[in-house]
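> let's see this in three dimensions:
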Amino acid sequence: MNENKDQSAGNLQRSIQQEQDQKDQRRDAAKPDKRDSRQAVQTGSRSQPAPPLPAQHLAKPGIEAQMELKPRFLAPDYCGSGKLAGMVAIITGGDSGIGRAVAVLYAREGADVAIIYLNEHADANETKRYVEAEGQSCLLIPGDVREQGFCQQAVSQVMEKFSHIDVLVNNAAFQEHAESLLDLSEERFDLTMKTNVYGYFHMAKAVLPHLQRGASIINTGSVTGLQGSKHLLDYSTTKGAIHAFTMALAGNLLDKGIRVNAIAPGPVWTPLNPADKSPEDIRNFGADTDMHRPAQPEELSPAYVFLASPACSSYITGIVLPVTGKVGE
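The predicted structure is shown next:
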């Protein structure tokens, strides 16, 4: 995938974003101030950030380095124990957010990592630095997962460097809200579907000939795929499709000894959300969960280790694991 095509995808995302931003500005000007004052729930050894969050809006696809409050991805209390020793993992959307956190923990558990990302080069190089600090190799591959040819070329590059593939994490996503179904253009629907569903399909198909017994595929779903979201019509649709794709593919690959699972995060503090929501809305991001705060990426990444490691989850396939900050979900 050449740089011009990568830039074209980014330009399309920003064009859709700018159109929605103009509508949001008119809406926010008429809204009363509704700050959420409920106290956040903390269950770990250190407190995680809670609303009010910085009222920031990022240009798509969203650069983590530009976030005022940097997402926490290092999981300093997590000690590796060789659960993925000798493995090779591909992570799409691995330059930032959940993908970055997963890359770091996979490296801490002994895996080499290939990061596939659109064109956020500074973020990708930062992720590579942290993976290498864990003592593992990191291959960076920029490109657009909507393109089947690129996905096949990317997998070929991984095979050329590492000679095997053990884990695929499908994580790349596009999200842009819409107040009404009438605001959702076919162009926007196609972009969301092609990135979030076709991208997973293309990557899974490209890696399958190289996966052996004990390998796994992990798809990033969403709480919106479990219960919908009235302003994320297309995004929720794709995440529901990802959950169904996960369960169907798990059955399809079971006889080969390859497990397929999904994780359905709730609100997570990553570039995806300030690049979608208005500054007004981002202040209370995650406050409507039972924990009254968003997750940090480091609170999601151990679940990806669990589902990737045969030592932990060899008897688990076809599940959608909710990590939502809500009781019973």
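
> in the chain, what helix or strand scores lowest on average pLDDT?
helix 3-29 (a mean of 75; mean pLDDT, DSSP states H and E).

> packing partners of that helix?
Using 3 or more Cβ pairs under 8 Å, 6 or more residues apart in numbering; DSSP states H and E, the elements in contact with helix 3-29 are helix 186-193, helix 279-282. Bear in mind the C-beta positions are built from the backbone N, C-alpha and C, glycine included.

> stretch 117-127: how far from the chain's middle?
14 Å (Cα atoms, centre = their mean, to the nearest Å).

> cool, and stretch 191-199?
With Cα atoms, centre = their mean as the basis, stretch 191-199 stands 13 Å off its chain's centre.

> and the next element down the chain from the one helix or strand A103 maps to?
Using DSSP states H and E, A103 falls within helix 97-108. The first helix or strand that comes after helix 97-108 along the chain, using DSSP H and E, is strand 112-117.

> who does that next one touch, helix- and strand-wise?
Packing contacts for strand 112-117, counted by 3+ Cβ pairs under 8 Å, 6+ apart, involve strand 88-92, helix 97-108, helix 121-133, strand 138-142, helix 148-162.

> what's the closest of these to S45?
Nearest to S45 among the helices and strands packed on strand 112-117 is helix 97-108 (16.5 Å), distances taken as Cβ to Cβ.

> which helices and strands sit right next to that closest one?
strand 88-92, strand 112-117, helix 121-133, strand 167-170, helix 301-308.

> thought D6 was touching I141?
No - counting by Cβ atoms under 8 Å, D6 does not reach I141; the two are 11.0 Å apart.

> make JSON lines out of the helices and strands packed on strand 112-117 and add mean neighbour count, mean pLDDT and distance to Q66.
As requested, the helices and strands packed on strand 112-117 are exported to JSON lines (neighbours: other Cβ atoms under 10 Å; pLDDT from 0 to 100; distance: least, Cβ to Cβ, whole Å):
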{"stretch": "strand 88-92", "mean neighbour count": "27", "mean pLDDT": "99", "distance to Q66": "21"}
{"stretch": "helix 97-108", "mean neighbour count": "29", "mean pLDDT": "98", "distance to Q66": "13"}
{"stretch": "helix 121-133", "mean neighbour count": "18", "mean pLDDT": "98", "distance to Q66": "9"}
{"stretch": "strand 138-142", "mean neighbour count": "20", "mean pLDDT": "98", "distance to Q66": "18"}
{"stretch": "helix 148-162", "mean neighbour count": "18", "mean pLDDT": "98", "distance to Q66": "26"}
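
> export the ones you listed as JSON lines, with columns for distance to A248.
Formatted as JSON lines, the helices and strands packed on strand 112-117 follow (distance: least, Cβ to Cβ, whole Å):
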{"stretch": "strand 88-92", "distance to A248": "19"}
{"stretch": "helix 97-108", "distance to A248": "23"}
{"stretch": "helix 121-133", "distance to A248": "31"}
{"stretch": "strand 138-142", "distance to A248": "27"}
{"stretch": "helix 148-162", "distance to A248": "19"}
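
> report the buried residues of stretch 220-238.
Of all the residues in stretch 220-238, those buried under the rule 16 or more other Cβ atoms under 10 Å are 220-226, 231-238.

> restricted to strands, list the residues you listed.
The members of those that map onto strands under DSSP state E are T220.
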